[in-house]
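A.B. asks: Pasting a predicted model and its sequence here:
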Amino acid sequence: MRKYSFYGILSLVCAYFIWAYSFLGNSSEEKAFEISSYSYGKDSGKGNLIGVEPFMTPGDYSSHNRFLDKTESYFINAKQSGWISDRTIFVFPEYYGTWLVVSGEKSSLYTSPDLKSGMIYFILRNPFSFLYHLLISKENDKVQAAIFKIKADEMKEIYESTFSALAQKYRVTILAGSIVLPSPSGQNGKIVLGPSSLFNTSFVFGKDGSVLGEPIRKKFLTEEEKPFLDSNLKPGTVIDTPAGKMGVLVCADSWYPESYSNLKESGADFIAVPSYINRGEISVWDQAWAGYNGEKNPSDVDPKDIGKITEGQAWKKYALETRAARSGFKNGINVFLQGKLWDLESDGQAFILRNGKPENVSVSEHNKNRIYNLWF
């Protein structure tokens, strides 16, 4: 009886490992989304910002090749439009790299009806590493922290190799959007991870494929981020690029006056803001604004606006478009991650500041796979 019990257990273990480590990173091919492109101003030889609002699905993150192909599609479109020069800067949105956490997993994760169900498949395939990180994590949300720490090295590798390769191939500068990684830093042009806190961080890649300057870590976290992310000491970072000094504010950081003061003191010439709004199943863009999320309202915020103006109007009044111009900046762009990631959909529409004035960004709601070109 013991002999049969042993073989029974061994068979179950073998079946589990076959399931857990076979056919990984497979997702059915999806239709290619048409890319809508918009351009503002004329080429004066001073350079340009190309803001990307990619429409992403779970399958786009299933493997390195799928992520690279999807990302490169925007470079191909921009090149065909004649927008690329040695002073071009691509700007990708917040959390664009974060969903690489699901790369290399079972196909059942990508086809799950909702994110919660998908994460069950993730945990079942990574039970021991999940338990280890769950036990040692100091974050309040230990589950989310554990999931990101399990895949940190793989996420970093795909993110870095993708944007490094594209920067070299197209000879451009890339603000690669943000990714959640543990204590990331830049050393000798490479991303290096640390052993401690998770940060919502963006990196800039130069034309030679190396990481430029310091990582751009988000300071003002939302209530949804606080349980598993750490915050930076100051908002905003300035990076030297061929088109000038680029100030970067990650999403909510663009809502605070001190962010622009910090960029001004650091000599920024223009501003790029990568953003993401998780709307769940219901759009919030045209709904009543609920006020600041995660921090107190700055002193210049009119309390009467809360519950009266829409979310979109609040972004227009209290983020890049108004605050940058008021601070003396002439040019800037704010782009939002788009897509349907399980039961999570995205909101937001790009804002563009050109020559000190806001551009009227009028786009079709039927196609949220977009790129915007802003000539300096």
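C.D. replies: Cool, the structure landed. Residues are numbered from 1 along each chain as shown.

A.B. asks: so what's residue 183 up against?
C.D. replies: Residues touching residue 183, when contacts are defined by Cβ atoms under 8 Å, 6 or more residues apart in numbering, comprise 193-197, 199. Bear in mind the C-beta positions are built from the backbone N, C-alpha and C, glycine included.

A.B. asks: go on, residue 288?
C.D. replies: Contacts were defined as Cβ under 8 Å, 6+ apart; by that measure residue 288 touches 307-311.

A.B. asks: those helices in the chain, which residues are they?
C.D. replies: Ranges of helices in the chain, per DSSP state H, are 2-21, 64-80, 107-110, 115-125, 127-136, 142-150, 152-170, 257-265, 311-318, 320-326.

A.B. asks: can those go into CSV with extra columns for mean pLDDT?
C.D. replies: Listed next are the helices of the chain as CSV, based on pLDDT from 0 to 100:
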stretch, mean pLDDT
helix 2-21, 47
helix 64-80, 97
helix 107-110, 91
helix 115-125, 90
helix 127-136, 93
helix 142-150, 96
helix 152-170, 98
helix 257-265, 96
helix 311-318, 96
helix 320-326, 95
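
A.B. asks: any chance of those helices in CSV, plus mean neighbour count and distance to residue 180?
C.D. replies: Shown next, in CSV, are those (neighbours: other Cβ atoms under 10 Å; distance: least, Cβ to Cβ, whole Å):
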stretch, mean neighbour count, distance to residue 180
helix 2-21, 10, 24
helix 64-80, 18, 16
helix 107-110, 20, 18
helix 115-125, 16, 15
helix 127-136, 14, 14
helix 142-150, 21, 5
helix 152-170, 19, 8
helix 257-265, 18, 20
helix 311-318, 19, 23
helix 320-326, 20, 23
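
A.B. asks: Please produce JSON lines containing those, extended by distance to residue 177.
C.D. replies: Below are those laid out as JSON lines (distance: least, Cβ to Cβ, whole Å):
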{"stretch": "helix 2-21", "distance to residue 177": "30"}
{"stretch": "helix 64-80", "distance to residue 177": "10"}
{"stretch": "helix 107-110", "distance to residue 177": "20"}
{"stretch": "helix 115-125", "distance to residue 177": "19"}
{"stretch": "helix 127-136", "distance to residue 177": "25"}
{"stretch": "helix 142-150", "distance to residue 177": "16"}
{"stretch": "helix 152-170", "distance to residue 177": "9"}
{"stretch": "helix 257-265", "distance to residue 177": "18"}
{"stretch": "helix 311-318", "distance to residue 177": "18"}
{"stretch": "helix 320-326", "distance to residue 177": "16"}
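
A.B. asks: quick one, which of those is nearest to residue 227?
C.D. replies: Closest to residue 227 of these is helix 142-150 (Cβ to Cβ; 7.1 Å).

A.B. asks: ok so, going back, filter the contacts of residue 288 down to the buried ones and hand me the PyMOL line.
C.D. replies: Remark: buried members of those, expressed as a PyMOL selection using 16 or more other Cβ atoms under 10 Å:
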select buried, resi 309+311
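
A.B. asks: which of the contacts of residue 288 lies closest to residue 144?
C.D. replies: Using Cβ to Cβ, residue 311 comes nearest to residue 144 of these, at 24.4 Å.

A.B. asks: Once you drop chain neighbours, what's closest to residue 353?
C.D. replies: If the residues on either side of it in the chain are set aside, residue 353 comes closest to residue 332, at 4.3 Å by Cβ to Cβ, 6 or more residues apart in numbering.

A.B. asks: The one you found and residue 320 touch, don't they?
C.D. replies: Yes: counting by Cβ atoms under 8 Å, residue 320 is a contact partner of residue 332 at 5.4 Å.
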